[in-house]
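S.K.: Below: sequence and its predicted model.
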Amino acid sequence: MHAQRLIFCSLSAIFLFLGCVWNSGAEGSYLPLDDSEYPYAGIPRLVIETQNFKDIRNVDEYVTASMQIYGAVEPISEIQGLKIRGRGNSSFTSSKFGYRLELDQKQTLLGMAADKDWVLVPNFTDKSLLRNSITHMLAQRMDCGWLPKSEFVEVYVNRDYKGVYLLMEKIEVSKNRVDLGDYSVLAEVDHKYREGEQLVFSEDSTPFRIHFPKKASRSLLEEFENYINNFTEFLSENFTTESLQKWIDIDNFIQYYWIQELSKNPDGGFNTSVYFSWGKDLPILMGPLWDFDMAYGALYNRSAKGWFIRLKYWNENLFKNAEFKKMVDSVWLSNRERWMSVVDSIPFYGNRLRPAAENNFRRWPILKSSEILGYPTSSFSSYEEAVESFQNWIYERMEWIDSQI
């Protein structure tokens, strides 16, 4: 009887501990973190545990979970309830994939505005881990509209170290994120769409995914489709920049173009993640910028020379107009030095991230890999070399563009 009572007491203690862990509001409760193998590296740790340690390997099915943020030695947040699923297209097939987080309640995370919806970007194909964050710094030098804020974190899922991620604000229409104002539609050119998503196909079969409104009326979708088809037809004819202003916000379009062209972003060639706002009788407003982990020669377009974005879709006809091209050149010349100051600072940011990067590449030893996701990539002997290569690629790219302007 005494032994049975001890067993019962032990089980009760275990259940009490687990209940404490899953009680997101309990004072003093915590999610366990064992960082003996991957020690604190100067950035926050995001600790996530799913209910019953259920695996996350699906981009459609959410799993119930709890999350807590750790500092150097202890939690710096309460436990928060959430739902989590995988995210990404080709990146989801990698061993280090992204996550979509939907908190139970709106929360401020690491100083970013309160919201329920967040993403964890793995940057698996980017051996510098810096391409997305540096791109946002470049865009901030111009008026590129709303840009998702982000913070580097190290992620643990079900007590397994997953590496360095960017915790980012998700693109969505709201007061604190994409504020449409007078515009009525947030759209994305998305050749990687999935069945069941809200889509409009232009006459040339380009797929436009409608993110907002979530349940658009048939009449609104038809108006949007007509606008896209009429704009494409307009570009095929002789036009002036004065007449072009009816169709696009020219300054905004050029600023968006240069970030995509400078980075030679494969997705930015009207493949996927090309977002813009549209409204009846309003010019197209490009943005937000999104997804640059494969840019700057990381996987595709590895040469720093040659035009890329200007040869794609709408841009092909836009650049046949000499007046438009002159405006594009002018924006490059007026912003070049601002961008150069960001590029010069890349080693500084790399050095700050280095301890966490060492953890990441100990977990995912791909620095010396010459292929990722079936595509050739550069091989490096150290993280510092990967950062230096990223910086040198941009220097070479800027020099080539200078020679063409």
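M.R.: That came through, no problem. Residues are numbered from 1 along each chain as shown.
S.K.: Let's verify residue 329: helix, strand, or coil?
M.R.: The assignment at residue 329 comes out as helix when based on DSSP: H, G, I helix; E, B strand; the rest coil.
S.K.: pretty sure residue 233 is in a strand, no?
M.R.: No: secondary structure assignment (three-state DSSP) places residue 233 in helix, not in a strand.
S.K.: okay, now it: neighbour count?
M.R.: 10 (other C-beta atoms under 10 Å). Glycine gets a C-beta too; all of them are placed from N, C-alpha and C.
S.K.: gap between it and residue 326?
M.R.: 24 Å (C-beta to C-beta, to the nearest Å).
S.K.: now residue 180
M.R.: For residue 180, the distance to residue 326 - C-beta to C-beta - is 31 Å.
S.K.: And the strands in the stretch 101-250 of the chain, which stretches?
M.R.: Using DSSP state E, counting those that start in this stretch, the strands assigned to the stretch 101-250 of the chain run over residues 112-121, 150-157, 160-169, 185-189, 199-201, 207-212.
S.K.: how far does the last one sit from the chain's center?
M.R.: Going by C-alpha atoms, centre = their mean, to the nearest Å, the spacing between the C-alpha centre of strand 207-212 and its chain's C-alpha centre is 17 Å.
S.K.: And it, what does it pack against?
M.R.: Secondary-structure packing of strand 207-212 (3 or more C-beta pairs under 8 Å, 6 or more residues apart in numbering; DSSP states H and E): strand 185-189, strand 199-201, helix 218-235.
S.K.: and residue 84, that's in a helix?
M.R.: No: checked against three-state DSSP, residue 84 lies outside a helix; its state is strand.
S.K.: nearest residue to it other than its sequence neighbours?
M.R.: residue 65 (4.8 Å; C-beta to C-beta, 6 or more residues apart in numbering).
S.K.: how about that neighbour, secondary structure?
M.R.: strand.
S.K.: and if you look at residue 391?
M.R.: Criterion first, three-state DSSP; result for residue 391: helix.
S.K.: Might one say that it is in contact with residue 347?
M.R.: Yes: the pair residue 391 / residue 347 is scored as a contact, 6.6 Å apart, by C-beta atoms under 8 Å.
S.K.: Have a look at the two and say which one is more surrounded.
M.R.: residue 391 (20 against 13).
S.K.: which residues does the residue nearest the centre of the chain contact?
M.R.: The centre of the chain sits closest to residue 291, judged by C-alpha atoms, centre = their mean, with a distance of 4.3 Å. Residues near residue 291 by C-beta atoms under 8 Å, 6 or more residues apart in numbering: 132, 265, 267, 272-273.
S.K.: one more time with 10 Å
M.R.: By C-beta atoms under 10 Å, 6 or more residues apart in numbering, the residues touching residue 291 are 88-89, 91, 121, 131-132, 135, 265-268, 272-275.
S.K.: again with residue 336
M.R.: So residue 336 contacts 258, 262, 398, 401-402, 405 (C-beta under 10 Å, 6+ apart).
S.K.: Got a ChimeraX select line for the buried ones in these?
M.R.: Provided next is the ChimeraX selection string for whichever of these are buried by 16 or more other C-beta atoms under 10 Å:
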select :258,262,398,401
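S.K.: can you put the contacts of residue 336 in TSV and add secondary structure and distance to residue 61?
M.R.: Shown next, in TSV, are the contacts of residue 336 (DSSP: H, G, I helix; E, B strand; the rest coil; distance: C-beta to C-beta, whole Å):
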residue	secondary structure	distance to residue 61
258	helix	39
262	helix	38
398	helix	44
401	helix	44
402	helix	49
405	coil	49
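S.K.: ok, what's across the strand from residue 376?
M.R.: Taking DSSP bridges as the rule, residue 376 bridges to residue 371.
S.K.: how near is it to residue 312?
M.R.: Distance from residue 376 to residue 312, by C-beta to C-beta: 22 Å.
S.K.: Look at these two and report which has more neighbours.
M.R.: A direct count of neighbours by other C-beta under 10 Å for residue 376 and residue 312 places residue 312 higher, at 17 against 12.
S.K.: what sits against the more buried one?
M.R.: By C-beta under 10 Å, 6+ apart, the neighbours of residue 312 are 189, 260-261, 268-271, 274.
S.K.: still on that earlier bit, wait, which of the helices and strands packed on strand 207-212 is closest to residue 157?
M.R.: Nearest of the helices and strands packed on strand 207-212 to residue 157, taken as C-beta to C-beta: strand 185-189 at 27.8 Å.
S.K.: before we move on, back to that, give me the neighbour count for the residue nearest to residue 84.
M.R.: Around residue 65 there are 25 residues (other C-beta under 10 Å).
S.K.: One more: residue 112?
M.R.: 17.
S.K.: So what sits opposite it in the bridge?
M.R.: Here residue 112, judged by DSSP bridges, has bridge partners residue 109.
S.K.: Mind pulling the model confidence for it?
M.R.: With respect to pLDDT, residue 112 has a value of 96.
S.K.: so who does the spatially closest residue to residue 140 that is not a sequence neighbour touch?
M.R.: Distance criterion C-beta to C-beta, 6+ apart; nearest residue to residue 140, sequence neighbours excluded, is residue 147 at 6.6 Å. Residues in contact with residue 147 (C-beta under 10 Å, 6+ apart) are 135-137, 139-140, 169, 287-290.
S.K.: if you set the cut-off to 7 Å instead, what comes out?
M.R.: 136, 139-140, 288-289 (C-beta atoms under 7 Å, 6 or more residues apart in numbering).
S.K.: Residue 30 and residue 46: what is the separation?
M.R.: 14 Å.
S.K.: follow-up on the earlier one: kindly present the contacts of residue 147 as a markdown table, with separate columns for distance to residue 337 and neighbour count.
M.R.: As requested, the contacts of residue 147 are exported to a markdown table (distance: C-beta to C-beta, whole Å; neighbours: other C-beta atoms under 10 Å):
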| residue | distance to residue 337 | neighbour count |
| --- | --- | --- |
| 136 | 19 | 22 |
| 139 | 16 | 22 |
| 140 | 15 | 12 |
| 288 | 25 | 21 |
| 289 | 21 | 27 |
